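# Pasted the sequence and its predicted model underneath.
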Amino acid sequence: VQLVESGGGLVQPGGSLRLSCAASGFTFDHYEMAWARQVPGKGLEWVSSIRSDGATNYRDSVTGRFTVSRDNAKNTVYLQMNSLKPEDTAVYLCATVRAWSVDPAGPLFGSWGQGTQVTVSS
C-alpha cells in the first residue's frame, strides 16, 4: 500500500488549497478513504472521509469549508479547502479506513501517507 499526498503550502487566511492523495497497491475503489491532520504537540485529528459509494463525512470545524472527493479511475482522493483559517495549520495525511469505532466514536485507520504541510498565515 502506498499513499502519496501533495498540494500543501503556505496560504493567507481566507485562501484555498487543494490536496491530492495518490493511492496504489490495493483495490482503491473498495476502500473508504480519510483525511486527518497533525499539529505538533497535539493529537491526530480526523478531518473528513469518503466512502467507496461517495458518501462523505466531516468534522464540525471544517463543514461548509472543506470538500472531500475521489476519482476511482485515477486512484486519487482530494481535499478542497476553502476559507482557510490559521487554526487549519497542520500536516495533512491521507489514510485508508479499516472500520468505525463506536466508543470512542471515530474511524480506525489502516495505512497512512507521509503527509503534506499546510500553513495558513498572513
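That came through fine. Numbers count the residues shown, from 1 in each chain.

# what sits against Q38?
When contacts are counted by Cβ atoms under 8 Å, 6 or more residues apart in numbering, Q38 touches L44, E45, A90, V91, L93, G115. Just so you know, the C-beta spots here come from the backbone N, C-alpha and C atoms, and that holds for glycine as well.

# Stretch 11-27 spans what distance, first to last residue?
34 Å (Cα to Cα, to the nearest Å).

# is T67 in a bridge, and if so with what?
Beta-bridge pairing of T67 under DSSP bridges involves Q80.

# Next one: it from P40, what distance?
From T67 across to P40, the span is 26 Å (Cβ to Cβ, to the nearest Å).

# Between these two, which is the more surrounded one?
More neighbours surround T67 than the other of T67 and P40, with 16 against 7 (other Cβ atoms under 10 Å).

# Output the below-cut-off pLDDT ranges for the protein.
Within the chain, no range satisfies pLDDT under 70.

# most centrally placed residue in it?
With the centre of the chain defined as its mean C-alpha position, the nearest residue by Cα atoms, centre = their mean is W35, 1.9 Å away.

# Was I right to think R51 contacts E32?
Yes - assessed by Cβ atoms under 8 Å, R51 is found in contact with E32 at 4.7 Å.
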